[in-house]
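Asks: next come a sequence and a model predicted from it.
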Number of protein chains: 4
Amino acid sequence: MTYGSNALRQAVLRANQVIPEAGLAQLTWGNVSGVDREGGYYLIKPSGVRYDDLTEDQLVPVDLRTGQVLAGDLRPSVDSESHRAFYLAWPSIGGVTHTHSTHAVAFAQANRDIPLLGTTHADTFNGPVPVTRGLTADECATDYELNTGRVIVELIGDDASAAAMPAALVANHGPFTWGATPGKSVEHAIICEAVAEMALKTLALNPAATIPDHLAERHFKRKHGPGAYYGNPKA
Amino acid sequence: MTYGSNALRQAVLRANQVIPEAGLAQLTWGNVSGVDREGGYYLIKPSGVRYDDLTEDQLVPVDLRTGQVLAGDLRPSVDSESHRAFYLAWPSIGGVTHTHSTHAVAFAQANRDIPLLGTTHADTFNGPVPVTRGLTADECATDYELNTGRVIVELIGDDASAAAMPAALVANHGPFTWGATPGKSVEHAIICEAVAEMALKTLALNPAATIPDHLAERHFKRKHGPGAYYGNPKA
Amino acid sequence: MTYGSNALRQAVLRANQVIPEAGLAQLTWGNVSGVDREGGYYLIKPSGVRYDDLTEDQLVPVDLRTGQVLAGDLRPSVDSESHRAFYLAWPSIGGVTHTHSTHAVAFAQANRDIPLLGTTHADTFNGPVPVTRGLTADECATDYELNTGRVIVELIGDDASAAAMPAALVANHGPFTWGATPGKSVEHAIICEAVAEMALKTLALNPAATIPDHLAERHFKRKHGPGAYYGNPKA
Amino acid sequence: MTYGSNALRQAVLRANQVIPEAGLAQLTWGNVSGVDREGGYYLIKPSGVRYDDLTEDQLVPVDLRTGQVLAGDLRPSVDSESHRAFYLAWPSIGGVTHTHSTHAVAFAQANRDIPLLGTTHADTFNGPVPVTRGLTADECATDYELNTGRVIVELIGDDASAAAMPAALVANHGPFTWGATPGKSVEHAIICEAVAEMALKTLALNPAATIPDHLAERHFKRKHGPGAYYGNPKA
């Protein structure tokens, strides 16, 4: 039995390939998964495989309920259990991305939220991209990756909140992002890194920079909700 | 009926393609337009279309007087009304570019002008690249994009001023640039980003950096006005 | 007689080519070597040869015991004696890399360790990447490159320590890295540069940034030792 | 009559092409020339021509004594007279490069020398890369480009000094570099930019960074003078 439709497998493979193309991670760092809700599993990058070598056949099917590998002899990404926590918490997401992109990691390592300072950020995120609390020694010792996912869910909240804030930084680690599809989740990783770089440089020029609420809201609503008017579904 | 001469359509398409090639924006961010003054319209990138996929046929013709789309079923860039404000205010410009380039955005988010610190800047801009005042809540609520254009026109002034300062930063947003052609407008976007990066790094080394007026003027006049001697019209 | 198996020659050539591909050095800066323990020699990049021109035939075999060139009429990298010091001190390493990568050099020039601030770093290095003491005038005057290797060995310690900390910064100079193979040594050079850039930017956001020990240890052990569970030997 | 041997024309063209390849300048910024001492002229990039379009036939021959164009209908780079000042002052140089590379410009705009902080710098430059005094209003008004060359010559000194310090920053402008050949001059431009970036980032980590004299001298002498032992003339 082959897990995943052709479309899902292609989407997960393609989204993984975007990670090095967009400069979001070195070597084998980072991973993208995509979920099949009806099938009750997700497909995720195998651990430690180089992006250049990655094929659809190597994607690892993981049981949504148990976290067990369903087929093949490759181990999933070590972060698989974090992905699973998101799929269980947020029924409307279809893809998850984890990277070690430089500027998002810098904020994560500094234990600072990526502040909301401009419209590039407001177009996608409805507030600062938040950083989690640190995991306790116990949370690190047992079920570490699942606990990593849990502290993000604890931070973000429910499904609607996850749609309005499709990114979080794990303290001293790096960004996780999600979206309706694998492609959307990696697109949010690109945006998260871009706004982190802009914010770091803005703070160098003006440590007290802020944005008026009415401007930020205007931009978020250009792309989200019933009044959205960005984009071209027909194109 | 096809809008735009072949030359105009090619120029607008090509200038849009320069945005990702020059690293001025991620994903579908940014847009270039070019105007047909006799025809009374401009051609602009459609909203949300990826640069790799963009074709001449997708460029959206917009009425200069009304802002309405003249043909096709694609929506123009959400920033179309800002472009229109510039064409109406400044009769000698032929193209407009909007990007989210990192360092220009950092100055915009910091609510700081890009200071005039060197000859790279003075070759093109006759002073600091200015940042607009913030838009009011009312200006954000109604005709937001048109108002964005208006605050820039309010800041820059008349046609001659727009030729001597072909760029501005919208507070908490990013750069708009313009020029005699679509290609010149995107060239100004490249220069705006380059001098923003140089300025940010100069300020890190010397927060009190300045340039003598006589040096800045000399460079601006090497490229502008009756005594200009840069370039090779014959090449 | 040809020195080095085909596999070793290919591995050393390939690892040298990674230096410019990964942006770790300009021009002819940097060098990788690989050792043949049974043969008692290592193969190293010749001095001053451009990476684009480099061939397997140009790799210089150097006697592990004496440091003398064993064949050919090309001089080895000027840093050859530093490599030799590492091979003599640490029996389990198989390759050595030296680069002038920008951010690692910045820490070396600042005479600061690269601090351990996040999991990207902890995955590979079991603590801060340390910077050596400065070489004395005498150490610079005679056997300079050998002394450079010696101060690193003095800093790092024994073979087990070299496996847990496969990188060091020479004060006012730059990074040396090593590993089980030439390819692993250049991979450690990539990671050293990446975490240096992340650390520099983290410190700009939070000069007091730190990481809890339990998180750092958890990540180091995901990839090292009997409990390691990262990667896919079968892939 | 064709000016320049095939070898000189190819060397000047190739060195110009390195400018965009190495990321040293945007658009048409920057220029390289090479001199024919016996012929009494130099070949230089024409003004305002894009690097992608540049051909050997477009290189402009300029009389060393008068600064007049000897053939063709293209204007030389506006910086031609600065190049001429260097060729007249320093008989042993064969090529000159001018760029607007980001980090070297940042130091020039900050009116700061690029400090000597590490061996990357000491391998090529025998001290800090110095920044000129500002040009006076009179020097800007008449013979501006020639005066730009003169203040650099005033700063650097004689031919031997120019060989030991093949770079300078013009205040509020940017770097000029030179060398025995056009290729060497652009190589010095690459190194000048690399060490400027390293220095800026070093100063961010340690504003009081310095290097011991004995280490800097050791490195300069590895590549210069009778005891030099870097490189492979035979390769």
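Replies: Yep, it's here.

Asks: so who does residue A:143 touch?
Replies: Listed by Cβ atoms under 8 Å, 6 or more residues apart in numbering or on different chains, the contact partners of residue A:143 are residue A:81. Just so you know, the C-beta spots here come from the backbone N, C-alpha and C atoms, and that holds for glycine as well.

Asks: next one: it relative to residue A:135, how far apart?
Replies: Look at residue A:143 and residue A:135: by Cβ to Cβ, to the nearest Å, they are 10 Å apart.

Asks: interface residues of chain A facing chain C?
Replies: Residues of chain A found near chain C (Cβ under 8 Å from any Cβ of the partner chain) are A:26-29, A:46-49, A:53, A:58, A:73-75, A:78, A:100, A:102-103, A:105-112, A:134-137, A:140-141, A:144, A:172-174, A:200, A:203-204.

Asks: just the buried ones from the residues you listed?
Replies: Among the residues of chain A next to chain C, those classed as buried by 16 or more other Cβ atoms under 10 Å in any protein chain shown are A:26-29, A:46-49, A:58, A:74-75, A:78, A:100, A:102-103, A:105-112, A:134-135, A:140, A:144, A:172-174, A:200, A:203-204.

Asks: those also near chain B: which ones?
Replies: Within these, those near chain B by Cβ under 8 Å from any Cβ are residue A:204.

Asks: can you name the next helix or strand after the longest helix belonging to chain A?
Replies: In chain A, taking DSSP state H as the definition, the longest helix is helix A:182-205. Where DSSP states H and E defines the elements, the next helix or strand beyond helix A:182-205 is helix A:213-223.

Asks: what helices and strands are in contact with that next one?
Replies: Helices and strands touching helix A:213-223, as assessed by 3 or more Cβ pairs under 8 Å, 6 or more residues apart in numbering or on different chains; DSSP states H and E, comprise helix A:119-122, helix B:137-141.

Asks: out of these, nearest to residue D:22?
Replies: Of all those, helix A:119-122 sits nearest to residue D:22, with 29.4 Å by Cβ to Cβ.

Asks: distance between the lowest-mean-pLDDT helix or strand in chain A and the chain's centre?
Replies: Using mean pLDDT, DSSP states H and E, helix A:213-223 stands out as the lowest-scoring helix or strand of chain A, at a mean of 92. With Cα atoms, centre = their mean, to the nearest Å as the basis, helix A:213-223 stands 22 Å off its chain's centre.

Asks: who touches that helix?
Replies: A:116, A:119, A:121-126, A:164, A:227-231, B:78, B:134-137, B:140-141, B:144, B:172-173.

Asks: just the C-alphas of stretch A:108-120, formatted as CSV.
Replies: C-alpha atoms of stretch A:108-120 as CSV (Å, rounded to 0.1, in the frame of the first residue of the first chain):
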residue,chain,number,x,y,z
ALA,A,108,14.2,32.4,19.5
GLN,A,109,17.7,32.3,21.0
ALA,A,110,17.2,35.9,22.4
ASN,A,111,13.9,34.7,23.9
ARG,A,112,12.1,37.6,22.2
ASP,A,113,8.9,37.7,20.2
ILE,A,114,9.3,38.9,16.6
PRO,A,115,7.6,42.3,17.1
LEU,A,116,4.9,43.6,14.8
LEU,A,117,6.5,46.6,13.2
GLY,A,118,5.2,46.8,9.6
THR,A,119,2.8,45.8,7.0
THR,A,120,5.0,42.9,5.7
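
Asks: so residue A:3 sits right up against residue A:64, yeah?
Replies: No: between residue A:3 and residue A:64 there is no contact under Cβ atoms under 8 Å: 11.8 Å.

Asks: get me the contact residues on chain A for chain B.
Replies: Near chain B, when you scan chain A using Cβ under 8 Å from any Cβ, you find A:22, A:117-120, A:187, A:190-191, A:194, A:197-199, A:201-202, A:204-206, A:209, A:211-212, A:214-215, A:217-218, A:222, A:229-232, A:234-235.

Asks: which residues does the residue of chain A found nearest chain D contact?
Replies: Per Cβ to the nearest Cβ, residue A:204 is where chain A lies closest to chain D, at 9.8 Å. Each residue near residue A:204 by Cβ under 8 Å, 6+ apart is listed here: B:106, B:200, B:204, C:204.

Asks: show the pLDDT at it.
Replies: In this model, residue A:204 is scored at 98, pLDDT.

Asks: show me where chain A has its helices.
Replies: A:6-21, A:80-89, A:102-109, A:119-122, A:137-141, A:144-156, A:159-164, A:182-205, A:213-223.

Asks: relative to helix A:102-109, how tilted is the longest one?
Replies: Spelled out, that is helix A:182-205. Interaxial angle, helix A:182-205 versus helix A:102-109 (axes from the mean of the first three to the mean of the last three Cα atoms, to 10 degrees): 70 degrees.

Asks: spatially, what comes nearest to the residue nearest the centre of chain A if we skip its sequence neighbours?
Replies: Nearest to the geometric centre of chain A sits residue A:177, at 1.5 Å (Cα atoms, centre = their mean). Excluding its sequence neighbours, the residue lying closest to residue A:177 (Cβ to Cβ, 6 or more residues apart in numbering or on different chains) is residue A:188, at 3.8 Å.

Asks: quick one: contacts for the one you found?
Replies: A:97, A:124, A:166, A:167, A:177, A:178, A:179.

Asks: check residue A:67 too.
Replies: Shown in contact with residue A:67 (Cβ under 8 Å, 6+ apart): A:80, A:81, A:84, A:146.

Asks: the third one: neighbour count?
Replies: Close neighbours of residue A:84, defined as other Cβ atoms under 10 Å in any protein chain shown, add up to 26.

Asks: quick check: it touching residue A:146?
Replies: Yes: counting by Cβ under 8 Å, residue A:84 does reach residue A:146; the two are 7.2 Å apart.

Asks: gap between the two ends of stretch A:155-174?
Replies: 15 Å (Cα to Cα, to the nearest Å).

Asks: what of stretch A:172-181?
Replies: Terminal residues of stretch A:172-181 lie 27 Å apart, using Cα to Cα.

Asks: what's the neighbour count on residue A:222?
Replies: The burial count for residue A:222: 20, using other Cβ under 10 Å.

Asks: for residue A:129, which non-adjacent residue is closest in space?
Replies: residue A:114 (4.0 Å).
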